[in-house]
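# Sequence and computational prediction follow.
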Amino acid sequence: MAGQFSGEPMLDMYIFETTQNIEQLEMCILDSEKSNCYSQTSINEIFRIMHTIKGSSAMMLFNNISVLAHSIEDLFYYLREQKPENIDYTLLSDHILSGVDFIKVELQKIVDGEKADGNPSEIIEAIKAFLSQIKLKNPYNGSEAKEKQELAEQPRYYITPNKSDININTNAFKAVLFFEAGCEMENIRAFTVIHNIREFSDEVYFYPEDIIDNDESVNVIREQGFKVYFKTQKNYKELDAFFNQTVFLRELELVRLEDDTELKGFLTAKTVKAEENPVVVPRVNSYSAETAEKEMTTGAGQSIISVSITKLDKLMDLVGEMVISEAMVTQNPDLNGLQLDNFMKAAGQLHKVTSDIQDMVMSIRMVPLAMTFQKMHRVVRDMCKKLDKEISLELIGEETEVDKNIIEHISDPLMHLVRNSIDHGIGSAADREAAGKPPAGKITLEAKNSGSDVVILVKDDGKGLNKQKILEKAAQNGLLYKPANEMSDSEIYNLIFLPGFSTKEKVTEFSGRGVGMDVVVRNIESVGGSVSVDSEEGKGSVIALKIPLTLAIIDGMNIQVGSSRYTIPTKAIKESFRPNANDLIKDPDGNEMIMVRGRCYPILRLHQLYKVKTGITRFIDGILIMVEHENKTLCVFADELLGQQVVVKSLPKYIKAKRKVKGLTGCTLLGDGSISLILDIGGLVNI
Amino acid sequence: MSENLDRELMGKETDEREEDTQKGRFLTFNLDKEAYGIEITHVTEIIGIQPVTQVPELPDYIKGIINLRGKIIPVMDVRLRFKKNFREYNDRTCVIVIDIDDLSIGLIVDSVSEVIAIPDTEIVAPPEVGKGGNKYVKGIGKVHSDVILLLDCNRLLNDEDTENLLNI
């Protein structure tokens, strides 16, 4: 049946859900491992997640994932029901995590549009072996477990024995539901119905019974309809309305049963069994109910919905256009000189609403860093095991929010930095003790807002950077750009960001290939951020990532050069001023400079750089804008300053493919509909 | 869910039908005396000439970028692309917005004439004239007594290698 569902929405949904589940699972495992014991809740949680993944993977025909999930589910079923003792929890975590990794790899394949063709049999074997090992260790209740398992696989009915006696004055109903042909997944739809009935009825029986686990039931429902017997205090009318809300319902047969005979006859066989096992049954049921709710995308009662990023991008584009259109209307040249009190009032209102909408859309895209940070727990755990170190990870400010697009770009660099800290920074327990530090190392991930940027710090209390070693290494690789004794500390530290630099002698699985730090820098710079490092030998080092909150909106100052307009990001601007003729200096090479408060800055003529015709070529006629990027300062010469603008658009692909224009990052639309080019100050100061 | 699927399927069908009706139809425009044609499937819209924002450091035939209702697209002067002389834009000058592989670009042409259907039988391969002489023309259509040069849009946009070689 899943074959027909090659449709994207289903797949998207599946990928989204499974990814979330996996993340949740991982966190759950790591938490449990930290406390070195799997609590009942976390076992239940893992069981539930695995059950969901198994179900949805089977539905999407990803059998390898489904089989693997099934084996883990089995394992946890055993743990949940038997509560066996003396389990090697570390081994358990290893097994599950290897399973989780497998699913992650397969998911990535699915995302990339490849076939999920990995073979999980090895992991499954390992898990099975592990399970039988536990069973061996806890032999006394092994047989019972089997029996219980059989029981638990059958119970699809729901009885609360202590309640059934009270409900004397309730009505018994029989409903037969037929779903529309081709609506698919009749069994799941039927399950939702059952789930909903349970909200107002304590006794529900239905046929076919095994709707969730048995795919055959779909056919039975299609042919004979889905029969439900239940008791409730509601009247016929209410129920009729209730059933008619069901999605894809084609036909409904709702009968009030005068006596219970039919109902009783239906369940005589099972009641006994159910009474025997009153605790387990409802619990299993409630799990599947949760599962079914997740599988259904109806979203009834959900307070969170998932929206595809492309839709949000589109929305943001539209809002951006709306802001511009608003400016086009309210600042329309036709209005000049008119007395328009009411219009201006209305325009003010419009402006308020549009800027509110803009803020709201931006906030929708903001995602807390928590998820990205949590992932690091796993990295730390794996590496500690491999390298036999003891390290704790502390997260601070994980609630800090960053634009979704940016999160995607910083996840990998962050992981790299954490790995580096563990591998290179924090020494072995013996080394640490010799240095008078506690044997367990500590890595701190900290995020905080600072203006329009977010700063993420990766701190470790390890060895710190060794200046001498860095210098030697840089010299070996020919990376020294000036004599070692002239370099400041921060210049030396920043050498590690150069391509081809790696101080670790041996390449490990985790780091040391020398492609690390420069990739980190490149990734961060691609989202308009910067990386810096500070260190104190013997105390540890701090790597700071400074990233903008969002890529989509910047505060910018518009400037005019000839007929062209350019935008400079406000955060890069230090000041703008009209120069005095006698502050200007020209060196013999023709480079122009200006003296401001005793310091000398180079001047860049935009009209020369971009060959724009303008009437203003003397500095005293135009304006100088002093911009700064990473401690390099430059004065940009322009004709005049215009207003401010915010929405960023990227340059058309075609132009980007043609040539990388120096000093331009994108463009923006001005209030009058014309286009302004956004200057990349980082590029300009390095020209 | 299946509703969406239905809709998607229907969407595909209509797309196919549209493609069928668009097949063999060309939008013709003029540069100097010659008539050129481009496949109508590629054409999104035709607009009058708009204020163009220059982007520095680009080849001269890319005049810059324009704001098409909030979407920013590059514009190419086809005259310059074909090494003809620049002609001042006037009220007959048009921008044909074409869309190829999600890449939108505007083509500045002297004037747009009409949409005509040219059956495959009336299209002949361009003659082999020297080297690269007809690299942008993928066929020559005959309509009554006129000849229409049918352009290969992909080459028009992406034929950069030869361009660069010539520049050296």
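In hand now; what should we look at?

# For the residue lying closest to A:G540 once chain neighbours are set aside, give me the backbone phi and psi.
Distances taken as Cβ to Cβ, 6 or more residues apart in numbering or on different chains put A:D461 closest to A:G540, at 4.2 Å, once the chain neighbours are dropped. All C-beta atoms are positioned from the backbone trio N, CA, C, and that covers glycine. The phi/psi pair for A:D461 (degrees, to the nearest 10) reads phi -110, psi 40.

# which ones are touching A:D461?
Applying Cβ atoms under 8 Å, 6 or more residues apart in numbering or on different chains to A:D461 gives the contacts A:426, A:437, A:441-442, A:539-540.

# One more: B:D102?
The neighbourhood of B:D102, defined by Cβ under 8 Å, 6+ apart, consists of A:K653.

# show me where the stretch 101-250 of chain A has helices.
A:121-137, A:142-153, A:161-164, A:186-197, A:216-224, A:236-244 (DSSP state H, counting those that start in this stretch).

# can you tell me the helix or strand for the most centrally placed residue in chain A?
Residue closest to the average C-alpha location in chain A (Cα atoms, centre = their mean): A:M371, at 6.1 Å. Following DSSP states H and E, one finds A:M371 within helix A:370-387.

# And the pLDDT for B:S111?
pLDDT recorded at B:S111 is 89.

# and it, how many neighbours?
Neighbour count for B:S111, taken as other Cβ atoms under 10 Å in any protein chain shown: 12.

# Correct me if wrong: it contacts B:T93.
Yes. Using Cβ atoms under 8 Å, B:S111 is in contact with B:T93, at 7.2 Å.

# Spell out which parts of the stretch 301-450 of chain A neighbour chain B.
With the criterion set to Cβ under 8 Å from any Cβ of the partner chain, the stretch 301-450 of chain A comes near chain B through A:317-318, A:320-321, A:324.

# Show only the entries of those found in strands.
Among these, no member is found in strands (DSSP state E).

# residues touching the residue nearest to the centre of chain A, list them.
Shown in contact with A:M371 (Cβ under 8 Å, 6+ apart): A:23, A:407.

# in the helix holding A:M371, what counts as buried?
The neighbour-count check on helix A:370-387 (16 or more other Cβ atoms under 10 Å in any protein chain shown) flags A:372-384 as buried.

# on that earlier part again, quick one: which of the residues of the stretch 301-450 of chain A next to chain B is nearest to chain B?
A:E321 (3.8 Å; Cβ to the nearest Cβ).

# What separation do you get for the nearest residue to A:N244 once chain neighbours are set aside and chain B?
In space, and not counting its chain neighbours, A:N244 is closest to A:L252: 6.6 Å by Cβ to Cβ, 6+ apart. Going from A:L252 to chain B by Cβ to the nearest Cβ, to the nearest Å gives 20 Å.

# I believe A:L252 is in a strand; please confirm or correct that.
Yes. According to DSSP: H, G, I helix; E, B strand; the rest coil, A:L252 belongs to a strand.

# which residues does it contact?
A:175-178, A:240, A:243-244, A:246.

# Can you list the buried residues in stretch A:675-687?
The neighbour-count check on stretch A:675-687 (16+ other Cβ under 10 Å) flags A:675-682, A:684-685 as buried.

# In strands, which of these fall?
A:675-679.

# which residue ranges form the strands in chain B?
Using DSSP E, the strands of chain B run over B:25-31, B:34-39, B:43-48, B:62-68, B:71-77, B:94-100, B:103-109, B:111-117, B:123-124, B:137-143, B:146-151.

# residue ranges with poor pLDDT in chain B?
Within chain B, the ranges that satisfy pLDDT under 70 run B:1-21, B:129-134, B:159-168.

# any idea of the pLDDT on the residue in the stretch 451-600 of chain A positioned nearest to chain B?
Among the residues of the stretch 451-600 of chain A, A:S564 lies closest to chain B, at 6.1 Å counting by Cβ to the nearest Cβ. In the prediction, the pLDDT value recorded for A:S564 is 86.

# Contact partners for it?
Neighbour list for A:S564: A:610, A:612, A:677, B:53-54 [criterion: Cβ under 8 Å, 6+ apart].

# can you redo the residues you listed as TSV with distance to A:M27?
Shown next, in TSV, are the contacts of A:S564 (distance: Cβ to Cβ, whole Å):
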residue	distance to A:M27
A:Y610	51
A:V612	55
A:L677	45
B:T53	49
B:Q54	53
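
# ok, those residues vs A:G118, which is closest?
For the contacts of A:S564, the residue nearest A:G118 by Cβ to Cβ is A:L677; the value is 47.4 Å.

# The closest one against B:V55, yeah?
Yes. Here A:L677 reaches B:V55: they are 6.8 Å apart, a contact under Cβ under 8 Å.

# Mutual contacts of the two, please.
Common neighbours of A:L677 and B:V55, counting by Cβ under 8 Å, 6+ apart, are A:L664.

# okay, and the helix or strand of chain A with the least pLDDT?
One helix or strand of chain A scores below all others by mean pLDDT, DSSP states H and E: helix A:280-295, with a mean of 40.

# For the stretch 551-687 of chain A, what lies in contact range of chain B?
So far as Cβ under 8 Å from any Cβ goes, the stretch 551-687 of chain A lies against chain B at A:564-565, A:609-612, A:649, A:651-655, A:658-659, A:661-662, A:664, A:667, A:669, A:673-677.

# try 6 Å
Listed as neighbours of chain B in the stretch 551-687 of chain A under the rule Cβ under 6 Å from any Cβ of the partner chain: A:610, A:649, A:652-655, A:659, A:661, A:667, A:669, A:673, A:675.

# re the thing from before, would you list the contacts of A:L252 in a markdown table and tack on neighbour count and pLDDT?
Output for the contacts of A:L252, formatted as a markdown table (neighbours: other Cβ atoms under 10 Å in any protein chain shown; pLDDT from 0 to 100):
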| residue | neighbour count | pLDDT |
| --- | --- | --- |
| A:A175 | 21 | 77 |
| A:V176 | 15 | 77 |
| A:L177 | 23 | 73 |
| A:F178 | 18 | 75 |
| A:D240 | 13 | 74 |
| A:F243 | 19 | 72 |
| A:N244 | 10 | 71 |
| A:T246 | 17 | 68 |
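
# Among those residues, pick out the one closest to chain B, please.
A:T246 (14.7 Å).

# contacting residues around the nearest residue to B:I40 once chain neighbours are set aside?
In this structure, B:I40 finds its nearest non-sequential neighbour in B:R25, 4.4 Å apart by Cβ to Cβ, 6+ apart. By Cβ atoms under 6 Å, 6 or more residues apart in numbering or on different chains, the contact set of B:R25 is B:40, B:115, B:117.

# Buried among the residues you listed? Need that as a selection in PyMOL.
Only the buried entries of those go into this PyMOL selection, using 16+ other Cβ under 10 Å:
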select buried, chain B and resi 40
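
# angle of the helix or strand A:V636 falls within against strand A:675-679?
A:V636 is located in strand A:632-638, with elements delineated by DSSP H and E. Strand A:632-638 and strand A:675-679 meet at an angle of 160 degrees, taking axes from the mean of the first three to the mean of the last three Cα atoms, to 10 degrees as the criterion.

# Partner strands of strand A:632-638, with direction?
strand A:599-605 (parallel), strand A:623-629 (antiparallel) (DSSP bridges).
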